[in-house]
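1. What follows is a protein structure lacking sequence information:
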């Protein structure tokens, strides 16, 4: 019984099935090649004080830990820490400590604000669009 | 085949295809991880039409099935998905069948059809969502589609060789194509 089924399979059938399975992964490879390039998930943290941009940090290519101070006009200091693609304000001499309590941010659109010291950290993405895509049927 | 016989046969195939797709829609699909994946049982009818009717009449069967199953239990979006899938899959199945019956069997034809049906659906989904990243979903759909395509190919082959009339019509069609 089974043999009659095997007999109906022609050589090209196997080739077609295999090539279709390979074909179905092509979009996946194309997308992974594109995303490996410049377009896509290149996140940048933009730090500004008093509305003026003072530093940009490439978060996607960032490895290890980097700690530096940001000085604002009235002599206030915010210590910023970048660690494995995430950024946070580690220490601040402001009175409410909201910025420190915000913790790490890593996704485009997220922000850390220190209102007393006028410090703003914002994450932007190269592709200019949010990750939050919702598709419903 | 006389003209009336052919008309009745086209109507019969379309009716069967409509019923099959309605019944299939009523089956709750077991693979919850892949919404949108379907068995594509109506593909059996398309395969049979392709092997027993001229291209012109096969297109008629597919068109009637699309229209009726869309009207009887579909929405505009499901009609758009299934029609783009059906157009692509018919073109693919016809091309694969052109390779010759001694080189490729119904299994190859129906898997190609199932795969291209998924591609067509996802292209419409890409157009609706305005992003190409929907195509990343293709491997999940096409693996299920290809497995279902192998099954429908075997089924259609079984029908074509075991139902006397179908075998006779296939013989007529083969000789007409060779002329």
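-> Received the coordinates, thanks. Being a predicted model, the structure only gives us computed values, none of them experimental.
2. Which residue, other than its chain neighbours, is closest to the spatially most central residue of chain B?
-> Compute the mean C-alpha point of chain B, and by C-alpha atoms, centre = their mean the closest residue is residue B:43, 3.0 Å away. Distances taken as C-beta to C-beta, 6 or more residues apart in numbering or on different chains place residue B:152 nearest to residue B:43, at 4.7 Å, with adjacent residues excluded. Just so you know, the C-beta spots here come from the backbone N, C-alpha and C atoms, and that holds for glycine as well.
3. now residue A:31
-> Nearest to residue A:31 is residue B:136, by C-beta to C-beta, 6+ apart, at 5.9 Å.
4. In the one helix or strand the residue nearest to residue B:43 maps to, which residues are buried?
-> Assessed by DSSP states H and E, residue B:152 sits inside helix B:138-162. Within helix B:138-162, the residues that qualify as buried by neighbour count (16 or more other C-beta atoms under 10 Å in any protein chain shown) are B:138-146, B:148-157, B:159-160.
5. Neighbours of the closest residue to residue B:125 other than its chain neighbours, how many?
-> Using C-beta to C-beta, 6+ apart and skipping residues adjacent in sequence, the residue nearest residue B:125 is residue B:134, 4.7 Å away. The tally of other residues near residue B:134 (other C-beta atoms under 10 Å in any protein chain shown) stands at 20.
6. same question, residue A:114
-> Residue A:114, neighbours per other C-beta under 10 Å, totals 24.
7. Let me see the contact set for it.
-> Residue A:114 is in contact with A:78, A:89, A:92, A:94, A:98, A:99, A:120, counting by C-beta atoms under 8 Å, 6 or more residues apart in numbering or on different chains.
8. can we see that at 7 Å?
-> By C-beta atoms under 7 Å, 6 or more residues apart in numbering or on different chains, residue A:114 lies in contact with A:78, A:89, A:92, A:94, A:99.
9. Let's see which of those residues end up in helices.
-> Counting by DSSP state H, the part of these found in helices is residue A:99.
10. Now neighbour count and distance to residue A:12 too, for the contacts of residue A:114, in a markdown table please.
-> Formatted as a markdown table, these follow (neighbours: other C-beta atoms under 10 Å in any protein chain shown; distance: C-beta to C-beta, whole Å):
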| residue | neighbour count | distance to residue A:12 |
| --- | --- | --- |
| A:78 | 26 | 67 |
| A:89 | 27 | 64 |
| A:92 | 22 | 69 |
| A:94 | 20 | 72 |
| A:99 | 24 | 65 |
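11. Tell me which two in the contacts of residue A:114 are the farthest apart.
-> Taking C-beta to C-beta as the measure, those span a maximum distance of 9.4 Å, between A:89 and A:94.
12. mind listing the helices for the chain?
-> No chain in the question, so chain A it is. Per DSSP H, chain A carries helices over the ranges A:2-8, A:11-24, A:26-36, A:98-102.
13. if you could check chain B rather than the one you did, that'd help
-> Here chain B has its helices, by DSSP H, at B:3-26, B:43-52, B:55-73, B:76-97, B:106-129, B:138-162, B:164-178.
14. ok, and what's touching the last one?
-> By that I understand helix B:164-178. B:1, B:48, B:51, B:52, B:53, B:159, B:160, B:161.
15. The fourth one too?
-> Residues lying outside helix B:76-97 but in contact with it, judged by C-beta under 7 Å, 6+ apart, are A:16, B:46, B:50, B:55, B:62, B:66, B:70, B:104, B:108-109, B:112-113, B:116-117, B:119-121, B:123-124.
16. and those, which are buried?
-> Buried, going by 16+ other C-beta under 10 Å: A:16, B:46, B:50, B:62, B:66, B:70, B:104, B:108-109, B:112-113, B:116-117, B:119-121, B:123-124, out of the contacts of helix B:76-97.
17. hang on, the earlier thing: verify the contact between the residue nearest to the centre of chain B and residue B:154 for me.
-> No. Counting by C-beta atoms under 7 Å, residue B:43 does not reach residue B:154; the two are 11.9 Å apart.
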